[in-house]
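>>> The sequence isn't on hand, but the structure is:
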């Protein structure tokens, strides 16, 4: 198109010079003048040729300026550049001018591309592997791809192999923090600048061993700054709970602090470290989930069973209310219910432990009572039956649930010598555990494991939503058909896997995974202290180390059209001075 434009302009200028104005008729008194005109006409007119050349020069310069040419594009060969962008998490650190290291790296990469010619072939590579550009592309395509590339919030930086960098001039834009081998022939552009950074590297909430109704939060704070700092630690939960603590942390020091969070009733607890000139925001936050930990309200429905009542009262954190079967309140108001030789017609809204209940539709079916059955197998990996010496149990009689009567979603926790299940667990409106024998018909209340079994059963039927602790990145949860939402309730894209779903956690948050089979919470934190070490660079101060002294070439390469306009102006000025400027007579 550029050559067609130049040819068209040249043709128009030639046609304009071939046009002749109509001759004027002038009466002269002598033939001597016409003889002089005829003689001069046979000589070549140098002035006309010079005028044509000046017009062609001005016109072609103007037309060529419209095509925005570059000096490099006028050569015979095309250069090849391989740009390696380090987009590891430390590149998100802010520098003293308010911009991030990543923004400086992109700026330098774009400047390098602007300096190259339009015919340059560019290969873009990044250390985290987020770039979706393969092979060499044109310069303009590389510029567009750079605008889409972002810093990775997780992942281990890896340098491209030498085979990907062959036959190209290699430029690496990095802060030197990532532990990756730099290619020997790479021209390194450093964007490193020391910066302050304080991080929450660990956060956990757990119950006290001697009192499950009390919780403590353990926080680990790392000062990855060049100097000592005084920082503020905030622990918040809900709308009312908060703890504020100022910490003096030396350079490179990790501080562990413990706080009593028993007054927080339960839910998502957040920890944040605050410092005015903190350079990296990704590691300033961490989250934990605190389950409800107040006294457990347990309702015992029994016609009378003092050993069971005493055992329940002895459990830590249990507030027991005892009622007979005819006073059972279906409305609920309790965290768990223990039914002794009784079961309501409808399942309770709270978790339930049932000891030799009568037959109900929402429970596993029962066989007639068997005499002296034995427990021969049990699920030692389950939270309810694990760790109990079932082989020491002696039964006078029991009712077993046959395999065909056990609901498809129920679990068989213990089986007897006869065909059937002695202990089953399932879910209706809430979790339930069904025991096929009464305490009066066994030696279970005399066993040291009996209180342990009661505690395990009450904890399981009243268990909160399960919580998984994971790092940032791809997270897989074994819940088929689940939907994922972040802490703000926004939907998160998830892909289906053979086990469940997988989604990405790009920042610290608490994600809720909901499925027909149940819910689960995933606490995603930036737990690796390595990410906070943004000052451990192998490079010096910031600034490009390549292409020194090329500023003048870059200027004319980027603005060659200005030079062409000046050249066209010079041609026009010369033409005016020679042919158009009035001359004195």
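Nice, thanks for sending it over. This is a predicted model, so every value here is computed, not measured.

>>> Now the residue nearest the centre of the chain: phi and psi?
The residue lying closest to the centre of the chain (CA atoms, centre = their mean) is residue 506, at 1.4 Å. Phi and psi for residue 506, reported as degrees, to the nearest 10, are phi -80, psi -10.

>>> and what of residue 346?
According to degrees, to the nearest 10, residue 346 has phi -110, psi 150.

>>> So it sits against residue 332, correct?
No: when contacts are counted by CB atoms under 8 Å, residue 346 is not listed as touching residue 332 (11.4 Å). C-beta coordinates here come from the backbone N, C-alpha and C atoms, glycine included.

>>> Next, the distance between the ends of stretch 88-96.
From its first residue to its last, stretch 88-96 covers 20 Å (CA to CA, to the nearest Å).

>>> So what touches it?
With contact meaning CB atoms under 8 Å, 6 or more residues apart in numbering, stretch 88-96 is reached by 100-102, 104-105, 127-128, 151-155, 157, 174-175, 177-178, 191, 193, 195, 197, 279-282, 531, 533-534, 542.

>>> Give the ChimeraX command for selecting the buried subset of those residues.
Buried members of the contacts of stretch 88-96, defined by 16 or more other CB atoms under 10 Å, are picked up in ChimeraX with:
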select :100,101,102,104,105,127,128,151,152,153,154,155,157,174,175,177,178,191,193,195,197,279,280,282,531,533,534,542
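
>>> Just the ones of the contacts of stretch 88-96 in strands?
Among the contacts of stretch 88-96, the ones falling in strands (DSSP state E) are residue 174.

>>> re earlier: what's near enough to touch the residue nearest to the centre of the chain?
153, 154, 472.

>>> ok, those vs residue 440, which is closest?
Residue 440 lies nearest to residue 472 out of the contacts of residue 506, by CB to CB, at 54.9 Å.

>>> Then residue 303 would be within a strand, right?
No: under the criterion used here (DSSP: H, G, I helix; E, B strand; the rest coil), residue 303 is coil, not part of a strand.

>>> what residues does stretch 172-186 touch?
So stretch 172-186 is contacted by 83-86, 88, 90-91, 93, 101, 105-106, 108-109, 127, 157-160, 162, 165, 170-171, 187-192, 533-539 (CB under 8 Å, 6+ apart).

>>> Quick one: list the elements packing against the strand of greatest length in the chain.
Longest strand in the chain, counting residues (DSSP E): strand 211-223. Under the contact definition 3 or more CB pairs under 8 Å, 6 or more residues apart in numbering; DSSP states H and E, strand 211-223 sits against strand 198-208, strand 229-237, strand 241-249, strand 254-260, strand 267-274, strand 285-290.

>>> Distance to residue 316 and mean pLDDT for the ones you listed - can I get that in a markdown table?
Formatted as a markdown table, these follow (distance: least, CB to CB, whole Å; pLDDT from 0 to 100):
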| stretch | distance to residue 316 | mean pLDDT |
| --- | --- | --- |
| strand 198-208 | 10 | 93 |
| strand 229-237 | 24 | 95 |
| strand 241-249 | 24 | 95 |
| strand 254-260 | 18 | 95 |
| strand 267-274 | 22 | 95 |
| strand 285-290 | 18 | 94 |
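
>>> and these, which is most packed in?
Using mean count of other CB atoms under 10 Å, the stretch among those with the greatest mean number of neighbours is strand 285-290 (a mean of 22).
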